[in-house]
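In: need coordinates for the below:
(2 chains)
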Amino acid sequence: MDNIRALIVDDSSVMRKIVERSLRQAGLSLSQVLEAGNGAEALAAVQNNQVDLILCDINMPVMDGLEFVKQLSAVNNAKGVPVVMITTEGSEGHVVQALSAGARGYIRKPFTPDQVKEHVLPILAGKQ
Amino acid sequence: MNTSGPSLTSAAGRDCWLPTMQLSMREVFELMLGCPLDTPTDPPPEEGLDITSMVGLAGQLCGILSLRCSARSAARMASRMLGVDVEKAGPEMWDAVGEICNMVAGNFKNKISGMGDGCMLSVPTVITGADYSVHSMVNENIRAIFLFEGELVVLSLEIHS
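Out: Next up, the predicted model:
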């Protein structure tokens, strides 16, 4: 999968770098990687940029990941863009909330690059 | 990372919290840092642990999970997470230990039956320096000690209620 434009949303810059590395290890060719430290920054990013994939944490200051996913549906630029949550919040309730809000996948931290591959590639394959 | 593990409320369930904390910590280090942790047979003195990362828990369980280590260990943790030299990773060490503590807290609560949905986590706070005291309404304190690349790391769960 080539020329994927990804937005990585996490309040940890270390985790954003790990997620980007995991995407590349999964075989994705990333033409652009945007980063945001919270949901509000992520909303601004998708309003000003076209992206193909969003990976998003849940627990973040200012605006959390669940609220971001809910508000994302109102952004014209982001219609149909898959969101995969990557979070320490691993309960069934959080998974249901995230998927109900519009997320397409859910990865629990700690994770391996293989888990990112298993969750993200089928979603992108289905989109293309 | 299932939620059918030890119970949140029963005393018998809480007996399992120490091994659950240890397992949660080991999984984070193995999966995210590619590094198994050792258990010290003869615990070294707790000196030079001048980096403290804390994550608050609120809800059915109230307390603080903290991770203490030396600045040198923190830089090495960041180096392993980022896959870069220690010198390059140094500026990211606070972020790295904060995220490690966050993942251990999340992994731990996800293993305790009933806590996953009933307990919220704060974003991590990282303190530099060892000359401080924490005053809180602690009812119970569970500690686990490890060796990361030969240096002491202390994981502590202070339970308020």
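In: flag every residue of chain A that's near chain B.
Out: A:11-15, A:17-18, A:21, A:59-61, A:87-94, A:108-112 (CB under 8 Å from any CB of the partner chain). C-betas here are computed from N, CA, C, even on glycine.
In: state which helix of chain A is the longest.
Out: In chain A, assigned by DSSP state H, the helix with the most residues is helix A:113-127.
In: check chain B too.
Out: Chain B, longest helix under DSSP H: helix B:93-111.
In: starting at the chain centroid, how far to it?
Out: Its chain's C-alpha centre and that of helix B:93-111 lie 6 Å apart, by CA atoms, centre = their mean, to the nearest Å.
In: got it, and stretch B:117-128?
Out: Distance, centroid of stretch B:117-128 to centroid of chain: 11 Å (CA atoms, centre = their mean).
In: contacting residues around residue A:42?
Out: Residue A:42 is in contact with A:7, A:9, A:36, A:54, A:56, A:63, A:68, counting by CB atoms under 8 Å, 6 or more residues apart in numbering or on different chains.
In: ok so, going back, could you flag which of the residues of chain A next to chain B are buried?
Out: Buried subset of those (neighbour count, 16 or more other CB atoms under 10 Å in any protein chain shown): A:11-15, A:17-18, A:59-60, A:87-91, A:94, A:108-111.
In: what about those, which are in helices?
Out: Short answer: these in helices (DSSP H) are A:13-15, A:17-18, A:94.
In: now those residues in JSON lines, with pLDDT?
Out: Formatted as JSON lines, those follow (pLDDT from 0 to 100):
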{"residue": "A:13", "pLDDT": "96"}
{"residue": "A:14", "pLDDT": "97"}
{"residue": "A:15", "pLDDT": "97"}
{"residue": "A:17", "pLDDT": "97"}
{"residue": "A:18", "pLDDT": "97"}
{"residue": "A:94", "pLDDT": "90"}
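In: about what we covered before: which other helices and strands does the very next helix or strand once past the longest helix of chain B contact?
Out: Past helix B:93-111, further along toward the C-terminus, the next helix or strand under DSSP states H and E is strand B:119-121. Applying 3 or more CB pairs under 8 Å, 6 or more residues apart in numbering or on different chains; DSSP states H and E, one finds that strand B:119-121 contacts strand B:51-59, helix B:93-111.
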